[in-house]
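K.L.:
sequence and computational prediction follow.
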Amino acid sequence: MGDWSLIGVRFALYLTLAALFGLSAFSLYGLRARERGDALALRVWLVGSAALSLFLSSAWAVLMASSMAGSPLWPIDQEAVASLLTGSAIGAAWKIRMVALVLAALAAIVAAGRGVWLGSVALCSAVALGTLAWTGHGAMDEAGIGWVHLVADIFHLIASGVWVGALLGLILLVSKPAAQVDAAHLGLTHRALHGFGAIGTAIVGTIVFTGLINGWMLIGIGNIATLPTTLYGQLLIAKLALFVAMLGLASLNRFRLTPAFEASIVGDDHTHALGALRASLMVETASIVAILGLVAWLGTLAPPASAM
């Protein structure tokens, strides 16, 4: 029960932090200042994500301390929690995350559509998201190789967060009630789709490159052949299969559905094209949510390289 609770909280924390950072970043590069508040109800999403991330981080600390100490969840073992958060890298990362989230929440309350404050939300939430590297296998190595692993994990998390936030923002745009969809909304939706497509290559490249580094450190060349025989390997293969499916959907959106949507706007008949985009984005989002669930699970298992 404890393990599944920890996996669930890890998954929710990955998702909310990625949404907080990714949506604030998407609003900066995908939308103009005057569009952000009306198009996305930005303040509600950002403040809500920051508050939920604070709660989940607190729950994670309690669950992790309980798991490490072998104590029940209730009453809370305050000594175990203090031991986890004091005098360790993981505790320092947790404290940095909590401070960053409070600052992100305060900036989000003020932000609305203003670029400077929204940039502050993005910066603080990027820091908070990056601290998750210390809760997984990225912190298992020491010395120089440990920093290489941590940096790769951080960039992997940041790139993934950009993708998660873009999908959330795009789904919010294409899911507007028909009565609120006018020419201006269709135009900004197309521009946002095109804007994300333009940075998609860099995101995918970062995820693939950092994923290869992590794979080399966590699996090792000699363990590749035996991956399908282990739970860790089976989950990793499922994750990779979902990632490939996401690449296919992203390519479909960029090279087929987005151009078709643009043509439908010109022809003043956007209903079918918008529906196709919505369905594709929903499936892509479901895939990335499943990937985050697998990542949360994988983080609780010993990787093959640890047995060498």
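P.N.:
That came through, no problem. Residues are numbered from 1 along each chain as shown.

K.L.:
shaky segments in the chain?
P.N.:
Filtered on pLDDT under 70, the chain yields the residue ranges 1-2, 37-39, 112-113, 137-144, 146, 305-308.

K.L.:
just checking, next helix/strand downstream of the longest helix seen in it?
P.N.:
Criterion DSSP state H: the longest helix present in the chain is helix 183-218. Per DSSP states H and E, the first helix or strand lying C-terminal to helix 183-218 is helix 231-252.

K.L.:
so which residues of the protein form helices?
P.N.:
Assigned by DSSP H, the chain shows helices spanning 2-30, 33-40, 42-69, 78-85, 89-111, 115-130, 143-174, 183-218, 231-252, 258-266, 271-298.

K.L.:
got these as a markdown table, with distance to Ala225 and mean neighbour count columns?
P.N.:
All C-beta atoms are positioned from the backbone trio N, CA, C, and that covers glycine. Listed next are the helices of the chain as a markdown table, based on distance: least, C-beta to C-beta, whole Å; neighbours: other C-beta atoms under 10 Å:
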| stretch | distance to Ala225 | mean neighbour count |
| --- | --- | --- |
| helix 2-30 | 27 | 23 |
| helix 33-40 | 47 | 18 |
| helix 42-69 | 32 | 20 |
| helix 78-85 | 37 | 16 |
| helix 89-111 | 33 | 19 |
| helix 115-130 | 33 | 22 |
| helix 143-174 | 23 | 21 |
| helix 183-218 | 14 | 17 |
| helix 231-252 | 10 | 16 |
| helix 258-266 | 40 | 16 |
| helix 271-298 | 19 | 18 |
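
K.L.:
in CSV, list those helices along with distance to Gly136.
P.N.:
Shown next, in CSV, are the helices of the chain (distance: least, C-beta to C-beta, whole Å):
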stretch, distance to Gly136
helix 2-30, 8
helix 33-40, 30
helix 42-69, 12
helix 78-85, 15
helix 89-111, 10
helix 115-130, 12
helix 143-174, 7
helix 183-218, 10
helix 231-252, 13
helix 258-266, 34
helix 271-298, 8
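
K.L.:
quick one, domains of this protein?
P.N.:
Using automatic domain parsing, the domain ranges for the chain come out as 1-135, 140-308.

K.L.:
off-centre distance for the last one?
P.N.:
Averaged C-alpha coordinates place domain 140-308 at 9 Å from its chain's average position (C-alpha atoms, centre = their mean, to the nearest Å).

K.L.:
same question for stretch 68-77.
P.N.:
Centroid separation for stretch 68-77 versus its chain: 29 Å, with C-alpha atoms, centre = their mean.
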